[in-house]
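Participant: Give me a 3D structure for the following:
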Amino acid sequence: MKIIMLGAPGAGKGTQAKMIADQYGVPHISTGDIFRANIKNGTQLGMEAKKYMDQGLLVPDELTVKILLDRVAQADCKNGYVLDGFPRTIPQAEVLDKALGELGDKIDYAIDVDVPDENIVKRMSGRRACPACGATFHTEHVPPKQEGICDRCGKELVLRDDDKPETVQNRLKVYHDQTQPLIEFYSGKGVLKTVDGTKSMQEVFDSIAAVLGA
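Facilitator: Down below sits the predicted model:
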């Protein structure tokens, strides 16, 4: 069961990826995590990636796919995995597809957690974070006991810059330009499954479980 998670920033795909991984006993693989692990462990691929990252450059697609293939070749991936945050563009998807094909492998499902832009802007602009202890809340869904104050340490909560409506709109524009074409790409391969991401976390997961046949 090899799964790719698709969806706009703030659609909740990372949360669903973790839930799938827990439920089915497969690893949740985030490209950011693999980069960090390779750099920390000083691997050759990690050092190569670090050269780009230190210059503020994006790691080239071929190198990212090499690092990814190295990760999915590990024993814990023998029953499958959930990819979160990769591929983000058509060229990345094509490089991944070709590399998996050469190993006689392929992606089984691309799951699109579909949430309209206006819901995402509302959802993210309601998030509040504690700059002191890192706790997160939501004005609507997980409100603090006292408005604007962290339950855990009593410090004042803030709206982070990346959750501000104008920042979210910019991130959504990048998503629609670069990542949304993947929906057509995987649809053309017959592996795309779309679920309604506006429902509750559990309902979204139940929809995914139905797609995966469990």
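Participant: As a check, name the ranges of all helices in this structure.
Facilitator: Under the criterion DSSP state H, helices of the chain are mapped to 13-24, 31-40, 44-54, 61-72, 90-102, 117-125, 165-174, 181-188, 201-211.
Participant: Pull up the gap between the nearest residue to Glu140 once chain neighbours are set aside and Lys145, please.
Facilitator: Counting by C-beta to C-beta, 6 or more residues apart in numbering, Gly126 is the residue found nearest to Glu140 once chain neighbours are left out, at 5.2 Å. Heads up, the C-betas are built off the backbone N, CA and C, glycines and all. Note on Gly126: its distance to Lys145, by C-beta to C-beta, to the nearest Å, is 16 Å.
Participant: just to revisit the earlier point, export the helices of the chain to CSV and append columns for distance to Cys153, mean pLDDT and mean neighbour count.
Facilitator: Shown next, in CSV, are the helices of the chain (distance: least, C-beta to C-beta, whole Å; pLDDT from 0 to 100; neighbours: other C-beta atoms under 10 Å):
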stretch, distance to Cys153, mean pLDDT, mean neighbour count
helix 13-24, 24, 93, 18
helix 31-40, 27, 88, 16
helix 44-54, 32, 91, 15
helix 61-72, 36, 90, 19
helix 90-102, 40, 91, 16
helix 117-125, 23, 91, 17
helix 165-174, 26, 89, 14
helix 181-188, 40, 95, 16
helix 201-211, 26, 95, 16
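Participant: Take these and write them to a markdown table, including distance to Tyr109.
Facilitator: Shown next, in a markdown table, are the helices of the chain (distance: least, C-beta to C-beta, whole Å):
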| stretch | distance to Tyr109 |
| --- | --- |
| helix 13-24 | 10 |
| helix 31-40 | 18 |
| helix 44-54 | 27 |
| helix 61-72 | 15 |
| helix 90-102 | 14 |
| helix 117-125 | 23 |
| helix 165-174 | 24 |
| helix 181-188 | 9 |
| helix 201-211 | 7 |
